[in-house]
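Asker: structural data only, the sequence is not supplied:
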């Protein structure tokens, strides 16, 4: 319970921090909305529309009040930029309001909620590839501990960490999209099959980058676990080496792997900004980069807020459910 | 003795890289910013050992300058993060209570913040970003991993019997913190050094890659972007930059192992 309270407190702090950060940066939002050749009278009107004529404290209060609120009459004009979250009793609804985007001319919350599932899909695909490569490589390295195979695999994976995602991304684009023409260069596609084909390269980029971490984690966990008494007992009772490895070793490594994967999922779902931008994957990260470059203030606040909240919620979820996943976790953490 | 050798050998790639870059910087007299349009995208030849890039800048001279600047910024930011994060984390763990929780939650907050978007919005707001701006942005987040490690390490150490002994002998809190606790934490947190510096090098080149780098263009990211642009005309630019970027990053990551200890943990 305390953990959940802290998570909410951090989310609140993130919202405030992003609001003040953006307010502190130079640049006049009214001029961005009205355009560079707007007349002074128009500027004044836009400034009034955006409530920029009020003090920063007043705007902050308004921002917080609107952020999450309960609406009695959802059709009212003041709820034009709201996204309905949960319908409550008797026509009351829980709303999230992040303002209107200057660039998209649409409610920020609406744009973000259409982009969010796509980032989540990419994050999940990336994590699956990371785990597939990482656990396989880590298990082989642990099984061949100390041999040249171990050293070779460890070397290769550390090379994977050294190659930044934007490098892997363009090399994959060159090979699979430009040379072989197997997969689309970038974009999102129109049909489901297109989506799957489009997600392959960005997911592989994220997968190759993070795989090294999971490989090292799996290897170290397995080596520690395999030298423990319960595995030796199992082996002495005639369990095959493979069975001991999979049943006793990998199962024990499950908790650290899931913990790491959950944290990674949180940060990827919050937007793999660089990867999404290179592949023009229309997710949260791409949206954020665009918003920054277009100086779309409300959108930047919205993306930062949603991305940070995802990380915080993922961390809290792992803290809360980690113990449930593995009954030995409490003993292990006191080691 | 064997351990000492393996520690020094972890620093070898970084030293090798530094020596190579410095030699190249001394050997090439070319100004890395000198534009000579008629030799744009020249392939490697005598006098220009790595060829030339966009606008005819000498690639060897440009890439060594970019690497040295990136390395310097990475190490400087990591040092800064270490110098701020470690004492803060140690102090928080020693004081305990609300201050410890606050520090730990602040770490959560900063880590939850999407760093890349933050860096982008600051750099997009500044009209002409310089290296100081970029380094500053990375410093805002660099202290967090150090503070986290220090918190974890000092939580264990503060129950050690030598700390108890120092307190029983009447040492002041400040003395215990600086003379007894902090020295024990400085070592373990320095493991983070290599990966922090590497993260800065990557972050800086990623920013330069999307066009938010320093104005002089002396960044591995801008060179990489040039290389991609001229991939078919002058593939040497891409190949050289990719290799140097990976080598720099790997050297920094490996150098972190020089600080790894066998963890003589008195609390156990």
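Answerer: Noted; the coordinates are in hand. Everything quoted here is computed from the prediction, not taken from an experiment. Residues are numbered from 1 along each chain as shown, chains lettered A, B, ... in the order given.

Asker: which parts of the stretch 151-300 of chain A sit against chain B?
Answerer: Residues of the stretch 151-300 of chain A found near chain B (C-beta under 8 Å from any C-beta of the partner chain) are A:158-159, A:161-164, A:166-167, A:170-171, A:174, A:270-271, A:273-274, A:277, A:288-289, A:292-293, A:295, A:300. Backbone N, C-alpha and C define where each C-beta goes, glycine included.

Asker: low-confidence stretches in the stretch 1-150 of chain B?
Answerer: B:1-3, B:29-30, B:127 (pLDDT under 70).

Asker: per-residue confidence at residue B:264?
Answerer: At residue B:264, the model reports a pLDDT of 44.

Asker: what are the buried residues along stretch A:250-266?
Answerer: Neighbour-count burial for stretch A:250-266 flags A:250, A:252-253, A:255-262, A:264-266 (criterion: 16 or more other C-beta atoms under 10 Å in any protein chain shown).

Asker: nearest to residue A:68, of these?
Answerer: Set against residue A:68, the nearest of the buried residues of stretch A:250-266 by C-beta to C-beta is residue A:266 (20.4 Å).

Asker: and the closest residue to that closest one other than its chain neighbours, what element?
Answerer: Excluding its sequence neighbours, the residue lying closest to residue A:266 (C-beta to C-beta, 6 or more residues apart in numbering or on different chains) is residue A:314, at 2.8 Å. Assigned by DSSP states H and E, residue A:314 belongs to helix A:297-325.

Asker: pLDDT averaged over that helix - what is it?
Answerer: For helix A:297-325, the per-residue pLDDT averages 81.

Asker: one more: stretch A:125-135?
Answerer: Rounded mean pLDDT across stretch A:125-135 is 90.

Asker: repeat that for stretch B:230-243.
Answerer: Stretch B:230-243 shows an average pLDDT of 82 in the prediction.

Asker: what residues sit buried inside that stretch?
Answerer: Buried residues in stretch B:230-243, counting neighbours by 16+ other C-beta under 10 Å, are found at B:230, B:234, B:236, B:237, B:238, B:240, B:241, B:242.

Asker: from the residues you listed, which land in helices?
Answerer: Among the buried residues of stretch B:230-243, the members falling in helices (DSSP state H) are B:236, B:237, B:238, B:240, B:241, B:242.

Asker: near chain A, list only the ones from the residues you listed.
Answerer: residue B:242.

Asker: residue closest to the middle of chain A?
Answerer: In chain A, the C-alpha nearest the mean C-alpha coordinate belongs to residue A:269, at 2.1 Å (C-alpha atoms, centre = their mean).

Asker: distance check, the nearest residue to it once chain neighbours are set aside against residue A:286.
Answerer: Excluding the flanking residues, the one nearest residue A:269 by C-beta to C-beta, 6+ apart is residue A:123, at 4.2 Å. According to C-beta to C-beta, to the nearest Å, residue A:123 stands 13 Å off from residue A:286.

Asker: am I right that residue A:96 sits in a strand?
Answerer: Yes: assignment of residue A:96 by DSSP: H, G, I helix; E, B strand; the rest coil places it within a strand.

Asker: what pairs with it across the strands?
Answerer: For residue A:96, the beta-bridge partners are residue A:68, residue A:83 (DSSP bridges).

Asker: check contacts around it.
Answerer: The neighbourhood of residue A:96, defined by C-beta atoms under 8 Å, 6 or more residues apart in numbering or on different chains, consists of A:67, A:68, A:82, A:83, A:85, A:109.

Asker: figure out the helix or strand that the residue nearest to residue A:269 lives in.
Answerer: Going by DSSP H and E, residue A:123 is part of helix A:108-143.

Asker: list the residues that contact residue 31.
Answerer: Since you didn't name a chain, this refers to chain A. Residues near residue A:31 by C-beta under 8 Å, 6+ apart: A:38, A:43.

Asker: nope, chain B
Answerer: Neighbouring residues of residue B:31 by C-beta under 8 Å, 6+ apart: residue B:61.
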